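Participant: give me the fold of what follows.
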Amino acid sequence: MSEVDQQMPEAPQPAEQPDSTPVESEAIDSEPKTQESSETPADEAPSTDVSAAADRPQINWGKCPELEPSEQEKLSKASVITKCLETTPLPGNITRESVEQHREQIAACALRAEGWFTPTNGYDYGKAEKEIKNKRLKEGLEQQVLLYHSQCKAESEEKYPSSNNSIIAQIQLYQACMDYFISDVCGIEVNEPDAAQFN
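Facilitator: From the prediction side, this is the model:
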């Protein structure tokens, strides 16, 4: 057993996950915060308003700047989420449970659109591993992240065996686990924008 295996802490549960996964799909937690506007057509590209960008959290990618998504990747992700929101109506009766169910439907739609499911409707962990390798992290960092990938995959499959009812929970746990370890290994920091000052 390697020194890394011996020092590996237990991964967090899905409720503790950050809002995005640096390596792969981010669809689970990236339902966009949108405002209704009768002036903007639904098929128009997302705005690149500078003031809106200033309100977003700032991410310091630490030792892994290769993980930062390109503007094209961000626009593509936003487009997928927008299409999923258009095809998955909001529930009529808004409850905590209906909101959670809607979020899971949007996540499943986005994951499907981006090709994250296998032909048997399981999560494509092979694609996740390939994405990690395609980022071309420094060798030592890549090996650590791939080790964590294996651990997170095993933990999520053990806790949530694949079925139609548990696949989203399995993916959420995997992504939360990866977020935790990648953030730690790479030294990624998320800085929230300063709160608005009211006089």
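Participant: ranges for the helices of this structure?
Facilitator: 3-7, 50-54, 71-87, 96-113, 125-134, 139-159, 167-186 (DSSP state H).
Participant: which strands or helices does the third one pack on?
Facilitator: Okay, so that is helix 71-87. With contacts defined as 3 or more Cβ pairs under 8 Å, 6 or more residues apart in numbering; DSSP states H and E, helix 71-87 has these neighbours: helix 96-113. Bear in mind the C-beta positions are built from the backbone N, C-alpha and C, glycine included.
Participant: which strands or helices does the helix it packs on pack on?
Facilitator: With contacts taken as 3+ Cβ pairs under 8 Å, 6+ apart, helix 96-113 sits against helix 71-87, helix 167-186.
Participant: go through these and name the closest to residue 122.
Facilitator: Closest of the helices and strands packed on helix 96-113 to residue 122 is helix 167-186, at 6.9 Å (criterion: Cβ to Cβ).
Participant: can you put the helices of the chain in TSV and add mean pLDDT?
Facilitator: Converted to TSV, the helices of the chain look like this (pLDDT from 0 to 100):
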stretch	mean pLDDT
helix 3-7	37
helix 50-54	53
helix 71-87	93
helix 96-113	91
helix 125-134	94
helix 139-159	94
helix 167-186	93
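Participant: if you compare those, which one is most tucked away?
Facilitator: helix 167-186 (a mean of 22; mean count of other Cβ atoms under 10 Å).
Participant: for that helix, packing partners?
Facilitator: The contact analysis (3+ Cβ pairs under 8 Å, 6+ apart) places helix 167-186 against helix 96-113, helix 125-134, helix 139-159.
Participant: okay, now the domains of this structure?
Facilitator: Domains of the chain are assigned by automatic domain parsing as 70-114, 121-190.
Participant: out of these, which gets nearest to residue 61?
Facilitator: Smallest distance to residue 61 across these (Cβ to Cβ): 5.8 Å, for domain 121-190.
Participant: ok, back up a step: got a markdown table for the helices and strands packed on helix 96-113, with distance to residue 124 too?
Facilitator: Below are these laid out as a markdown table (distance: least, Cβ to Cβ, whole Å):
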| stretch | distance to residue 124 |
| --- | --- |
| helix 71-87 | 16 |
| helix 167-186 | 10 |
